[in-house]
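# have a look at this prediction, sequence included:
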Amino acid sequence: MADHAKIRALIAEIAATHGVALSPDDPLLILQTINTMLLAESADAQQAQLEAFKSELEEMSNRWAVAINDKAESILNAALVAAEAAMKQRMADGAKTLVAEVAAEVSKGLGKPLEDGVRIANRNLIASCLTIGAAIIALLAVLIH
């Protein structure tokens with residue numbers, strides 16, 4: 001039902017603007033009431049559709065947020081794994097280089113004493129041979145006299 005005060009206000013507005021007097025049971029006012037009711041029903045239906053669309057958009061937004069978070073997490077995990085592998089590779093390469101450098105330095109450092117030791121051993125061998133030779137000569141000299 002239409003509000004009677006609104007109908008009276010509409011009749012007064014039509015009378016003032018157009019100079020035509022209408023009665024409350026005029027077919028024109030009946031059409032106005034029907035039109036008002038249809039507009040209200042349409043507005044209610046549109047509001048319901050708008051609410052449904054809004055909830056659907058919110059649901060889609062939530063699903064996208066979850067999907068985006070999952071993708072971002074998998075990308076970060078892949079980057080972390082790659083960085084860890086690269087770091088391990090660099091550490092292994094660094095360790096190999098360090099071992100090679102230490103071995104070279106140790107070889108250099110030990111090379112000189114080893115050479116000196118070989119020279120001293122050779123001199124001791126020559127001295128031993130000379131001592132044995134002298135002992136043999138002294139023995140022969142004692143045996144011959």
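Right, received. Where do you want to start?
# does the residue nearest the centre of the chain lie in a helix or a strand, and which?
Residue closest to the average C-alpha location in the chain (C-alpha atoms, centre = their mean): Leu76, at 2.0 Å. If you go by DSSP states H and E, Leu76 is part of helix 27-144.
# low-confidence regions, the chain specifically.
1-2, 109-112 (pLDDT under 70).
# do that again at 80, thanks
1-4, 24, 106-115, 145 (pLDDT under 80).
# OK, contacts around the residue nearest to the centre of the chain?
Leu76 makes no contacts at all, as judged by C-beta atoms under 8 Å, 6 or more residues apart in numbering. (C-beta placed from N, C-alpha, C; glycine too.)
# relative to Glu41, how far out is it?
According to C-beta to C-beta, to the nearest Å, Leu76 and Glu41 sit 52 Å apart.
# in this structure Gln32 contacts Glu13, no?
No. With contact defined as C-beta atoms under 8 Å, Gln32 does not reach Glu13; the gap is 11.1 Å.
# comparing these two, which residue is more hemmed in?
Gln32 (18 against 10; other C-beta atoms under 10 Å).
# name the nearest residue to that one, sequence neighbours excluded.
Excluding the flanking residues, the one nearest Gln32 by C-beta to C-beta, 6 or more residues apart in numbering is Leu10, at 6.5 Å.
# what's the answer for Arg8, then?
Pro24 (7.9 Å).
# verify the stated contact: the one you found with Ile7.
Yes. Under the criterion of C-beta under 8 Å, Pro24 makes contact with Ile7 at 5.9 Å.
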